[in-house]
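J.: Structure for the following, please:
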Amino acid sequence: MSWYKRAQQKTLYITRGLPGSGKSTLSKQLGQGGIILGTDDFFMINGKYQFNHEMLTDAHLWNQGRTERAMQKGITPIVVDNTNVEAWEMKPYVIMAQKHGYNIEIKEPNTPWKFDAEELAKRNKHDVPKEVIEKQLSKYQKDLSIDDVLNSERPA
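T.: Have a look, this model is predicted:
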């Protein structure tokens with residue numbers, strides 16, 4: 001494939017990892033020249049992170065909507081920066097990327113502490129407690145493919 005054709009390809013990176021794992025650092029590297037869209041942005045109010053669990057579904061729908069708008073504009077690369085603990089959480093992004101002709105890559109940080117709950121609790125920037133991280137770790141699905149995501153279902 002020629003350089004020109006590669007330059008024309010649109011790419012969606014879906015980053016996944018637990019809080020404090022290095023996911024946002026990875027997203028910044030991947031998103032150069034494009035856009036980074038994370039559900040956490042929904043909770044930024046006057047420059048401060050104010051998480052509200054009751055608004056989490058709305059936050060995800062909001063992020064999916066702005067991702068779709070970025071794809072309609074052909075922005076590349078697009079990085080979706082979310083924890084994406086389970087395959088079904090990535091499914092809406094994969095479906096819209098396929099609809100808009102984007103190549104899809106699922107990326108995780110390669111930090112030595114990415115599955116160490118104690119270290120993640122110390123490192124994460126939103127003060128997510130160790131107990132919450134341990135719960136996320138227990139659900140974390142490893143080595144997911146695009147097919148795994150497409151064949152996943154949200155739990156009842």
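J.: tell me which residues in the top helix by length along the chain are buried?
T.: The longest helix of the chain (DSSP state H) is helix 56-72. Across helix 56-72, burial judged by 16 or more other Cβ atoms under 10 Å covers 59, 63-64, 67-68, 70-71. In short, each C-beta sits where N, CA and C put it, glycine included.
J.: quick one: average pLDDT of that helix?
T.: In this model, helix 56-72 has an average pLDDT of 97.
J.: Show me what the next helix or strand after that helix is packed up against.
T.: Following helix 56-72 in sequence order, the next helix or strand is strand 78-81 (DSSP states H and E). Under the contact definition 3 or more Cβ pairs under 8 Å, 6 or more residues apart in numbering; DSSP states H and E, strand 78-81 sits against strand 10-15, helix 23-30, strand 35-37, helix 56-72.
J.: Residue 75 against residue 37, yeah?
T.: No - in terms of Cβ atoms under 8 Å, residue 75 does not count as a neighbour of residue 37; the distance is 9.7 Å.
J.: Between the two, which is the more surrounded one?
T.: Neighbours per residue, other Cβ atoms under 10 Å: of residue 75 and residue 37, the larger number sits with residue 37, 25 against 17.
J.: ok, and the closest non-adjacent residue to the more buried one?
T.: residue 67 (5.3 Å; Cβ to Cβ, 6 or more residues apart in numbering).
J.: Hmm, the one you found is touching residue 80, no?
T.: Yes - at 6.1 Å, residue 67 and residue 80 qualify as touching, with contact defined as Cβ under 8 Å.
J.: Need the residues touching each of the two.
T.: Listed as contacting both residue 67 and residue 80 by Cβ atoms under 8 Å, 6 or more residues apart in numbering are 37, 93.
J.: tell me the contacts of residue 124?
T.: 18-20, 133.
J.: confidence score at it?
T.: Looking at residue 124, the pLDDT reads 93.
J.: Below-threshold pLDDT in this protein: ranges please.
T.: Scanning the chain for pLDDT under 70 picks out 1-8.
J.: separation between the closest residue to residue 26 other than its chain neighbours and residue 96?
T.: In space, and not counting its chain neighbours, residue 26 is closest to residue 109: 4.8 Å by Cβ to Cβ, 6+ apart. Distance check for residue 109 against residue 96: by Cβ to Cβ, to the nearest Å, it reads 24 Å.
J.: cool, residue 118 as well?
T.: 36 Å.
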